[in-house]
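[1] Pasting the sequence and the predicted model now:
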Amino acid sequence: MLIDIDHYNKEGMYLNFADGRLLDLSKENVHRLADEYWNNPSKLPPHVRQDDAFKTCSVCPFKGQSVFCSAIKPLLPFLEEMDRFNSYDNVTAVYVKRRGLVDVCETNMQNALQYITNMAIFEYCEDAKQYNIYFQGIEPFMGLKETLPRLLLNIYWLNKGDWKKVHAVIEEIRYAVTVTSKNCVERLNLMCNSDAFVNAYVKTHILADMLGVNFDETLEKYFTD
């Protein structure tokens, strides 16, 4: 697919489909639509507003309060669109970085949508967003072999090499992502038929779980392979 990068000037992800359709997942558009859906009850069916599954989970600082889970917020505007696709469907993804640099990748929906599920967990979830700082320099289209060492190094550096803090943060991230991903997947199963978002969450969960591997061995392999 031919891509004119001049058409993409706002930070975020854009998905181009073979039939010519474009799905704008730029940060600005996601935030705008998320707020629109969040603040307009008519945008959501009653079962979503009333079902306990959409309330806060066990790691949320607002646990026990009658509030809607923030982690589902950026997914809401795109759920109907997702029912058109399966996780393995191909897409040409364009990612515009903060400084205006552009990456283009032929990938599948579950890989591309990890951009949104990561945003849901690390920018919107009231608990997990405290760990967003550790994901500096980690971008879409990076594979697990690149992402995991970078994440480990970020955790090590930001905790000044204090192994006690490093291991504590790793376990906190693993637990937070496990709980949040599990709950979001359960909610998605109530709201849409596509497995694209679900499998994107699974990929994020795998990354978090892999933090439990041998720290030294992982980094040594990264720098010597």
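    Perfect, I can see it now. From a predicted model like this one, the values you see are computed outputs, not experimental measurements.

[2] Could you look up the SS state of the most centrally placed residue in the chain?
    Centroid check for the chain by C-alpha atoms, centre = their mean gives N118 as the closest residue, at 1.5 Å. State at N118, reduced to three classes by DSSP: H, G, I helix; E, B strand; the rest coil: helix.

[3] One more: F62?
    Classified using three-state DSSP, F62 is coil.

[4] any idea of the mean pLDDT in the longest helix anywhere in the chain?
    If each helix of the chain is counted by residues according to DSSP state H, the longest one is helix 163-191. In this model, helix 163-191 carries a mean pLDDT of 90.

[5] ok, now stretch 107-121?
    On average, stretch 107-121 scores 92.

[6] neighbouring contacts of it?
    12-13, 15, 25, 30, 71-75, 78, 82, 85-91, 93, 95, 128-129, 135, 140-141, 176-177, 180-181, 184, 195-197, 199-204 (C-beta atoms under 8 Å, 6 or more residues apart in numbering). C-beta here means a position set from N, CA and C on the backbone, and glycine is covered the same way.

[7] moving C-terminal of the least confident helix or strand in the chain by mean pLDDT, what's the next helix or strand?
    In the chain, the helix or strand scored least confidently by mean pLDDT, DSSP states H and E is helix 46-50, which has a mean of 68. Per DSSP states H and E, helix 46-50 leads on to helix 79-82 as the next helix or strand towards the C-terminus.

[8] one step back: buried subset of the contacts of stretch 107-121 as a PyMOL selection?
    In PyMOL, a selection of the buried entries from the contacts of stretch 107-121 looks like this (16 or more other C-beta atoms under 10 Å):
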select buried, resi 12+13+15+25+30+71+72+73+74+75+78+82+85+87+91+93+95+128+129+135+140+141+176+177+180+181+184+195+196+197+199+200+201+202+203+204
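
[9] now, which of the contacts of stretch 107-121 lie within helices?
    Among these, the members found in helices (DSSP H) are 30, 82, 176-177, 180-181, 184, 196-197, 199-204.

[10] of all the residues you listed, which comes closest to K145?
    Using C-beta to C-beta, K203 comes nearest to K145 of those, at 13.6 Å.

[11] what's the closest one in contact with, if anything?
    Per C-beta under 8 Å, 6+ apart, neighbours of K203: Q110, N111, Q114.

[12] From A200, how far off is Q114?
    4 Å (C-beta to C-beta, to the nearest Å).

[13] Please read the previous query as pertaining to F68.
    F68 is 21 Å from A200, by C-beta to C-beta.
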